[in-house]
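Student: no sequence on this one, just coordinates:
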């Protein structure tokens, strides 16, 4: 059962790993499973390069931003989106401070944000860890734990066992 939303901070768990290791695919499965179990989920994707566009060139909101608006909002009956220009990159905690009405925040990336992390390892991408071992809470891998080149001091899950990984995440957020 999801937490009751008392004034505790929203738990954040980062899904980290090398490029093309399967982070997005795992996140999609975790989001669907958490939603199926009644959790409200927010996601934050870390994009390490400046200058991405979420708006379509020529559309009204794009034109507002091009004209110099510091904050562009598009609102419809079923969703709302905010696009804010920044003078510097915000920390994950600063981004999370604007997120409300969810039970958990899952991030893709943010390997240096100091949050609990599940690292995705794929044999074809190399088995070296990219995250801070002190923040690592689990590994999702396409090899059995016994075949990992380094000893894992955290649980190791089959990369495709999103239900077991979801169970683990729920235990973590319930434990606080």
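Tutor: Thanks, I have it. Since we're looking at a predicted model, the values are computed, not measured. Numbering: from 1, shown residues only.

Student: from here on, contacts and neighbour counts on C-alpha atoms
Tutor: Noted.

Student: can you map out the helices along the chain?
Tutor: 23-36, 60-66, 92-96, 162-175 (DSSP state H).

Student: worst average pLDDT in those?
Tutor: Confidence, taken as mean pLDDT, is least for helix 60-66 of the helices of the chain (a mean of 81).

Student: outside of it, which residues touch it?
Tutor: 55-57, 71-74 (CA atoms under 8 Å, 6 or more residues apart in numbering).

Student: which one of those sits in the busiest neighbourhood?
Tutor: residue 72 (18 neighbours; other CA atoms under 10 Å).

Student: okay, the nearest residue to it once chain neighbours are set aside: pLDDT?
Tutor: Nearest residue to residue 72 in three dimensions, chain neighbours excluded: residue 83, at 5.0 Å (CA to CA, 6 or more residues apart in numbering). Residue 83 carries a pLDDT value of 81.

Student: got the confidence number for residue 53?
Tutor: So residue 53 comes in at 63 (pLDDT).

Student: can you start the count at 15 instead of 1 from here on
Tutor: With 15 as the first residue, the last one maps to residue 67.

Student: show me where the protein has strands.
Tutor: 26-31, 55-59, 85-89, 94-98, 118-122, 131-135, 150-155, 170-172 (DSSP state E).
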